[in-house]
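Trainee: Structure for this input, please:
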Amino acid sequence: MGTLNDSWPVVAELDAVRRLRVIARATPGTTFAERPVDAPFDRVWGLVRDLEHQMPLMIGDIRSFTVTSAVGELLEATARSPLGMRARFDIVLRPGWCLMRSRFVIGGMAAVAEGDGTRLAFFGGLRLPGIRLAQPVLRPLMAPLGARALGRLTDQLEGPGG
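Mentor: Here you go, the predicted model:
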């Protein structure tokens, strides 16, 4: 008879969407949404990775999003709000994976091929001191924001001319 360690997995592999879900659930003050998209991965990710155009369309509080530096998969960008406030973001962007953070905001997107389509996920939220205490109130308030951002992105793929 073997021991527990004989059959225990050495590594637990998670696809990009599952990894993003874990990060979102473990990060207070965030929202998470995912949905299947009836479009191939390359088409979906081609749209997602165009952060300069997609971020202002997805997030109402972003007027512009400008990549200021790119070295391999590491990017820096500046977001501007409609009121002129700025935030600098550090970004990791690779196929199927985008994780972003600024001083006060964290977010990301992930995608995996699923049959002939793609499973697409979005998460975002605030990075503020004491946010964990506000979690019971924030999570339900933020839930529609994640679904709305993901819907704005997928509408481009599924809508007329998409």
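Trainee: Wait, a helix at Asp155?
Mentor: Yes. Judged by DSSP: H, G, I helix; E, B strand; the rest coil, Asp155 forms part of a helix.
Trainee: can you tell me how far it sits from Gln54?
Mentor: Using Cβ to Cβ, to the nearest Å, Asp155 is found at 12 Å from Gln54. Using the backbone N, CA and C atoms, a C-beta is placed for each residue, glycine as well.
Trainee: Between the two, point out the one with more neighbours.
Mentor: More neighbours surround Gln54 than the other of Asp155 and Gln54, with 20 against 12 (other Cβ atoms under 10 Å).
Trainee: mean confidence for the host helix or strand of that one?
Mentor: If you go by DSSP states H and E, Gln54 is part of helix 51-58. Throughout helix 51-58, pLDDT has a mean value of 94.
Trainee: Could I get the buried residue list for it?
Mentor: For helix 51-58, burial by neighbour count (16 or more other Cβ atoms under 10 Å) applies to 51, 54-58.
Trainee: tell me which of those is nearest to Trp97?
Mentor: Ranked by distance to Trp97 (Cβ to Cβ), the buried residues of helix 51-58 are led by Leu51 at 12.8 Å.
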